[in-house]
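1. next one to model:
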Amino acid sequence: MQTVQDHINLGLAFTVSKNFGQAISEFERALSINPDDAEVHSHLANALVSKGDYEKGVQEYEKALKLNPMNMSALMRLGRLHANMGKHEKALEEYKKAIEVKPKDMELKHALGDLYLKMDNYEEALKIYRDILDLKPEYSEVRFKTGYIYEVQKKHTEATAEYEKVLQANPKSSGINSMLGNVYRELKDYSRAIDYYEKAIKLNPSETGVAYNLGILYYNQGKFEQALKELQRSKSTVGNSDICLLVGEIYGKLGKKKEAIEEYKKVAEMGAADAEVHKALGLIYMEEGQQDEAIIEYKKALDKKGDDVTILENIGNIYYKKVMYKEAKDYFTKSIEKGRENGDIYYKMGNMALKESKAEDAKKYWKKSLELNPENEIVKKNLKLLGG
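-> Numbers count the residues shown, from 1 in each chain. Predicted structure coming up:
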């Protein structure tokens, strides 16, 4: 006949081999013989939790603690289990009981600090983390969490101080270098931010998020070639329309119109093209002399943003260049009606009016053009010829 200890030993062996169902059966057999064994209730709770039966696990931990309120392991595990189940107040209750038993226990303090962090109670978490660091300054994990809280609280100078100490202990951590880059970026110390991002990329070239942040900083500094390199790196694993949009803009600034068009098309294919994307494509096509393509893109932009006077004016300019005066006049008129005041529009409206033999209308438009652009010698000459 097997004894209580035989069932306990078998249960522990099954637990080690991750055969939790058998482990539970053995612990239950042990408890059927001796239901008042707190340690077996704790073992059974561990197996139940490992199998995913959290509610029953809670019940067994509570039975273990009723029989032995000083069971630190059960207090810790029950607190952690409540925390993982989102029952933070219950977890807090268990941790506080454990603290009363062992007030200097470092692992327990750490768990309590982590619970306060989960509860967004940053001040209480900081107090506990600082107590731990006073006793153990080299505790990098706690120091990292302290830095994180400062960062969340927007105390960026304090955050950098903590992260720098973590980095001293972990100089090859791309993650810490990246977080220092983030904090220095918030402090607007862009030179240091770039230094840390570059270190992070060197340590882990596949860090696409860091590459993106670095690309943005280079872009803001006007370093378009370097920005392009980092943004392309970030795009290699992340099909992000925002990245493609920015890459397209950079290609445009570098005069690489074909490449810019390809990037903007990718944005459209992702279903993320807004009015500005179509507007940018329209502008590039217009600059490249692809007038029909430009009109198509500008009209798509108008479908999304019908009151953009610049788009209306540009479509008018394309039709004017194509000698399609009726269409040009329509778009110029819409632009004016929506508040566009541009001497060039009135100059062209005057030219079209003259071609229609409407001399008085031509003079009216040219006079308006001259009001907006008094230095336009061509308009002055035209008015003089018409006796205006």
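
2. so Lys172: helix, strand or coil?
-> Assigned with DSSP: H, G, I helix; E, B strand; the rest coil, Lys172 falls in the coil class.

3. can you get me a residue count around it?
-> Counted by other C-beta atoms under 10 Å, the residues lying close to Lys172 total 10. Glycine gets a C-beta too; all of them are placed from N, C-alpha and C.

4. list the contacts of it.
-> By C-beta atoms under 8 Å, 6 or more residues apart in numbering, Lys172 lies in contact with Leu203.

5. run the last query once more with 10 Å
-> 199, 203-204 (C-beta atoms under 10 Å, 6 or more residues apart in numbering).

6. and if you look at Asn220?
-> Contacts of Asn220 by C-beta under 10 Å, 6+ apart are 190, 227.

7. related to what we said a few turns ago, and the contacts of Lys172, which are buried?
-> By neighbour count, with 16 or more other C-beta atoms under 10 Å, these hold 199, 203-204 as buried.

8. need those residues in JSON lines (columns: pLDDT).
-> As requested, those are exported to JSON lines (pLDDT from 0 to 100):
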{"residue": "Lys199", "pLDDT": "96"}
{"residue": "Leu203", "pLDDT": "95"}
{"residue": "Asn204", "pLDDT": "93"}
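
9. what's the closest of those to Gly222?
-> Within the buried ones among the contacts of Lys172, the smallest distance to Gly222 is 22.7 Å, found for Lys199 (C-beta to C-beta).

10. of the buried ones among the contacts of Lys172, which is the nearest to Ser42?
-> Using C-beta to C-beta, the buried ones among the contacts of Lys172 come closest to Ser42 at Asn204, 41.4 Å.

11. in this structure Leu180 contacts Lys199, no?
-> Yes - under the criterion of C-beta atoms under 10 Å, Leu180 makes contact with Lys199 at 8.6 Å.

12. mind listing the shared neighbours of the two?
-> In contact with both Leu180 and Lys199: 167, 173, using C-beta under 10 Å, 6+ apart.

13. and the strands in the stretch 201-350 of the chain?
-> Along the stretch 201-350 of the chain, no stretch is classed among the strands by DSSP state E, counting those that start in this stretch.

14. which residues in it form helices?
-> In the stretch 201-350 of the chain, helices defined by DSSP state H, counting those that start in this stretch lie at 208-220, 224-235, 241-253, 257-269, 275-287, 291-304, 309-321, 325-337, 343-355, listed in chain order.

15. name the residues that touch the longest one?
-> By that I understand helix 291-304. 261, 264, 268, 273-288, 290, 308, 310-312, 314-315, 317-319, 321-322, 324, 327, 331, 334.

16. narrow these to just the buried residues.
-> Buried subset of the contacts of helix 291-304 (neighbour count, 16+ other C-beta under 10 Å): 261, 264, 268, 273, 275-286, 290, 308, 311-312, 314-315, 317-319, 331, 334.

17. quick one: contacts for the residue lying closest to Thr157 once chain neighbours are set aside?
-> In space, and not counting its chain neighbours, Thr157 is closest to Leu187: 7.1 Å by C-beta to C-beta, 6 or more residues apart in numbering. By C-beta under 10 Å, 6+ apart, the contact set of Leu187 is 156-157, 159-160, 193.

18. for Glu151, see how far away Leu187 is.
-> Distance, Leu187 to Glu151, using C-beta to C-beta, to the nearest Å: 11 Å.

19. run through the stretch 101-250 of the chain and note the low-pLDDT ranges.
-> Applying pLDDT under 70 to the stretch 101-250 of the chain flags residues 236-239.

20. try 90 this time
-> Along the stretch 101-250 of the chain, segments meeting pLDDT under 90 span 101-105, 206-208, 233-242, 244-245.

21. residues near Ser174, how many?
-> 20.

22. right, and it touches Glu207 too?
-> Yes - using C-beta under 10 Å, Ser174 makes contact with Glu207 at a distance of 5.8 Å.

23. got any residues that touch both of those two?
-> Contact criterion C-beta under 10 Å, 6+ apart; residues shared by Ser174 and Glu207: 197, 200-201.

24. what's the closest of the residues you listed to Ser17?
-> Nearest to Ser17 among these, with distances taken as C-beta to C-beta, is Ala200, at 40.9 Å.
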